[in-house]
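Participant: here is a sequence together with a model predicted from it:
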Amino acid sequence: MSVGLQRLREEPEVIRKGALDKGEDATLVDAALALDARRRVLLGEADARKAERNTVSRQIGEAIKGGAAAGGPEVAALRAASVAAGERISALDVEIGRVDAELEDALLRIPNPADPDVPVGDADSNVTVRTWGELLPRLQPVAGEVGADASTATWERRPHWDVAERLRIFELERGAKIAGSGFPVYRGAGAGLQRALIDFFLTVHIRENGFTEIWPPAVVNAASARGTGQIPDKEDQMYVATRDELYLVPTAEVPVTNLHRDEIFEADELPVRYAAYSPCFRREAGAAGKDTRGILRVHQFDKVEMVLFEKPDASAEALEWMVGRAEDLLRRLGLAYRVLLMATRDMGFVQAKKYDLEVWAPGVERWLEVSSCSNFRDYQARRMAIRHRSAPGARPELVHTLNGSGLALPRVVAAILETYQDPDGSVRVPGPLQASLGTDVLRPPA
RNA sequence: GGAGAGGUCGCCUAGAGGCCUAGGGCGCCGCACUGGAAAUGCGGUAUGGGGCAACCCAUCGAGGGUUCGAAUCCCUCCCUCUCCGCCA
């Protein structure tokens, strides 16, 4: 991913400010500009020399065809000229290669500038755009016991791991035994809940929201991992099958966005909108100790992802639309949530604008991130050379890419278990999942 | 996994060291002819980079090599197809 050279030349100040707002090194902008200037000088001479060599080589061919001796003085002189040009070309190509590598390296470390409407600052500057639903408390009055003593007339909501244990729907220790810590096993209705959620999310996206369903591979090759910036930036977060040089996908974004790498959309083909389920594998290196209980942070989880390819002038609106699609799922599940507009230093290197959706988990009294929706504008598209024609026959230009979770399962499951639990340990099933699970309540085994 | 055949412009194909500055066909766009269309004729039809421009450079699956010169010869890798083996 990188910022465009053309834009860098035309408005370096915007790029520079964008880097500073994200807390990145802005001096790389000047370094890149200097390298770009040097590169163009070198390229100019190399091209001229190549033209010269092409001409001379052609002349050799014509001379020989015209009767000159292949070993004669005329041909020898031409040959010497060609060799001289060739030597200069080799030297220039080496230098250009070096400048190119440095330039690319500099560009890769210049972040995508945030949109103008993104708040500048760190996580404290994130803006809560809206909140939906009732924020249930952990301690709650027991229904029907109005006259009782206040201290005994409450029941305490349990964290999702307690609820799950009573229902016997997680097998976390056995998951650790067969794979490792952070590889949850879902049992019985727990497994059914996974399947029901995936089906519910996909069905809404496909039947109501106009997405095309994609069922991608769970591994990608190095070129794809590079395309979405997993390597080199986040290489230590991925599981790698080194023997075959394959990477386990950390999100469906990687295979699905790469579907159109090195392609040009025709004028009437955009937007292209995909919804894809995939398992997601994350090493979570550096996150040891955080959220180790339950299923809030695991090495393998399931997610339905939305991936959009849009015309540049439509991407801003598409982001708002996509956030709305994710919100709709939470509303139908009856889960309280809030939408955060992420500030420049909390949004990531490659995003131009990003919203996070956080669901309320009353058992642990925390907001849990269940979706992250981002507009990358042309930043990802440049790296993957994904372009479109604005009109038939027009010059190709970069598309805008966006993606967002719709939704990630584990924390939705946690929120359901904590929101819909009853004092007796049973959990009511949200309406949209009842048909799939074949019941409207999950009860602990006797 | 084994054996064989292939990968050339949006698609099909020619091409076998210099006439390739990649030819032809189809498709597409424009113009002419027409009342309008079909047919026909003429022209145009890749991507990236450099240059004010004329124009130049690179790219024939990818990367190396040989050569004054590579789509063409050599090496490595990737992919597709056919047959065989194995297999949910």
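Facilitator: Perfect, thanks for sending it.
Participant: in the stretch 201-350 of chain A, which spans are helices?
Facilitator: Per DSSP state H, counting those that start in this stretch, the stretch 201-350 of chain A carries helices over the ranges A:222-227, A:253-258, A:315-333.
Participant: name the residues that touch the longest one?
Facilitator: Residues from elsewhere that reach helix A:315-333, judged by C-beta atoms under 8 Å, 6 or more residues apart in numbering: A:115, A:132-133, A:200-201, A:204-205, A:209, A:271, A:306, A:308, A:310, A:337, A:339, A:353, A:355, A:357, A:359, A:370-371, A:373-375, A:377, A:400, A:402, A:404-407, A:412, A:416, A:430-433. Bear in mind the C-beta positions are built from the backbone N, C-alpha and C, glycine included.
Participant: and the helices of the stretch 201-350 of chain A as CSV, adding distance to RNA strand B?
Facilitator: Below are those laid out as CSV (distance: least, C-beta to the nearest atom of the strand, whole Å):
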stretch, distance to RNA strand B
helix A:222-227, 9
helix A:253-258, 14
helix A:315-333, 19
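Participant: let me see the domain layout of chain A.
Facilitator: Per automatic domain parsing, the structural domains of chain A span A:5-108, A:123-442.
Participant: most tightly surrounded among these?
Facilitator: For those, the largest average neighbour count (mean count of other C-beta atoms under 10 Å) is found in domain A:123-442, namely a mean of 18.
Participant: tell me the contacts of the residue in the stretch 201-350 of chain A positioned nearest to RNA strand B?
Facilitator: Nearest residue of the stretch 201-350 of chain A to RNA strand B (C-beta to the nearest atom of the strand) works out as residue A:264 at 6.3 Å. For residue A:264, the contact set (C-beta under 8 Å, 6+ apart) comprises A:387, A:388, A:389, A:396.
Participant: what does the last one show for phi and psi?
Facilitator: Backbone torsions for residue A:396, taken as degrees, to the nearest 10, come to phi -60, psi 140.
Participant: now do the nearest residue to it once chain neighbours are set aside against residue A:94, distance only.
Facilitator: Sequence neighbours aside, residue A:387 is the residue nearest to residue A:396 in space, at 3.9 Å (criterion: C-beta to C-beta, 6 or more residues apart in numbering). Distance from residue A:387 to residue A:94, counting by C-beta to C-beta, to the nearest Å: 31 Å.
Participant: out of the helices of the stretch 201-350 of chain A, nearest to residue A:47?
Facilitator: Nearest to residue A:47, of all those, is helix A:222-227, at 28.3 Å by C-beta to C-beta.
Participant: from the chain's centroid, how far away is the strand or helix carrying residue A:383?
Facilitator: According to DSSP states H and E, residue A:383 maps onto helix A:379-384. Relative to the centre of its chain, helix A:379-384 is centred 12 Å away, using C-alpha atoms, centre = their mean, to the nearest Å.
Participant: C-alpha coordinates for it, CSV please?
Facilitator: Once non-C-alpha atoms are left out, helix A:379-384 reads as follows in CSV (Å, rounded to 0.1, in the frame of the first residue of the first chain):
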residue,chain,number,x,y,z
TYR,A,379,-4.4,3.2,-1.1
GLN,A,380,-4.9,-0.6,-1.2
ALA,A,381,-6.0,-0.5,-4.8
ARG,A,382,-2.7,1.1,-5.8
ARG,A,383,-0.7,-1.7,-4.3
MET,A,384,-2.9,-4.3,-5.9
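Participant: name the helices or strands packed onto the following helix or strand past that helix?
Facilitator: As assigned by DSSP H and E, the chain's next helix or strand after helix A:379-384 is strand A:387-389. The contact analysis (3 or more C-beta pairs under 8 Å, 6 or more residues apart in numbering; DSSP states H and E) places strand A:387-389 against strand A:264-265, strand A:396-398.
Participant: how about these in TSV, adding mean pLDDT and distance to residue A:250?
Facilitator: TSV is the format used below for those (pLDDT from 0 to 100; distance: least, C-beta to C-beta, whole Å):
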stretch	mean pLDDT	distance to residue A:250
strand A:264-265	89	26
strand A:396-398	90	24
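Participant: in CSV: those, plus distance to residue A:181.
Facilitator: Formatted as CSV, the helices and strands packed on strand A:387-389 follow (distance: least, C-beta to C-beta, whole Å):
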stretch, distance to residue A:181
strand A:264-265, 44
strand A:396-398, 42
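Participant: quick check, stretch A:69-80 touching RNA strand B?
Facilitator: Yes. Using C-beta under 7 Å from any atom of the strand, stretch A:69-80 reaches RNA strand B at A:70, A:79.
Participant: and that stretch, how far from the chain's centre?
Facilitator: On C-alpha atoms, centre = their mean, the centre of stretch A:69-80 falls 59 Å from that of its chain.
Participant: average pLDDT for that stretch?
Facilitator: What stretch A:69-80 shows for mean pLDDT is 82.
Participant: show me what that stretch is in contact with.
Facilitator: Residues contacting stretch A:69-80 (C-beta under 8 Å, 6+ apart): A:56, A:59, A:60, A:63, A:64, A:68.
Participant: equivalent analysis for stretch A:185-200, please.
Facilitator: A:164, A:167-172, A:174-175, A:178, A:277, A:302, A:304, A:329, A:409, A:412-413, A:416, A:432-433, A:436-437, A:439, A:442.
Participant: what do you get if the cut-off is 6 Å, keeping everything else the same?
Facilitator: A:169, A:170, A:171, A:174, A:175, A:277, A:409, A:432, A:433, A:436, A:437, A:442 (C-beta atoms under 6 Å, 6 or more residues apart in numbering).
Participant: greatest separation within those: which pair is it?
Facilitator: Farthest apart among the contacts of stretch A:185-200 - using C-beta to C-beta - are A:174 and A:432, which lie 29.4 Å from each other.
Participant: what's the weakest-modelled helix or strand in chain A?
Facilitator: Counting by mean pLDDT, DSSP states H and E, chain A has its least confident helix or strand at strand A:139-141, which shows a mean of 82.
Participant: and the helix or strand following it, what other elements does it pack with?
Facilitator: Next in sequence after strand A:139-141, counting helices and strands by DSSP H and E, comes strand A:154-156. Helices and strands touching strand A:154-156, by 3 or more C-beta pairs under 6 Å, 6 or more residues apart in numbering; DSSP states H and E, are strand A:139-141.
Participant: and the domains of chain A, which one's lowest on average pLDDT?
Facilitator: Among the domains of chain A, domain A:5-108 scores lowest, at a mean of 89.
Participant: what subset of the contacts of helix A:315-333 is also close to RNA strand B?
Facilitator: Of those, not one also sits near RNA strand B (C-beta under 7 Å from any atom of the strand).
Participant: longest helix in chain A, please.
Facilitator: Assignment by DSSP state H gives helix A:27-65 as the longest helix of chain A.
Participant: touching RNA strand B at all, it?
Facilitator: Yes. Counting by C-beta under 7 Å from any atom of the strand, contacts between helix A:27-65 and RNA strand B involve A:40, A:43-44, A:46-48, A:50-51, A:53-58, A:60-61, A:64-65.
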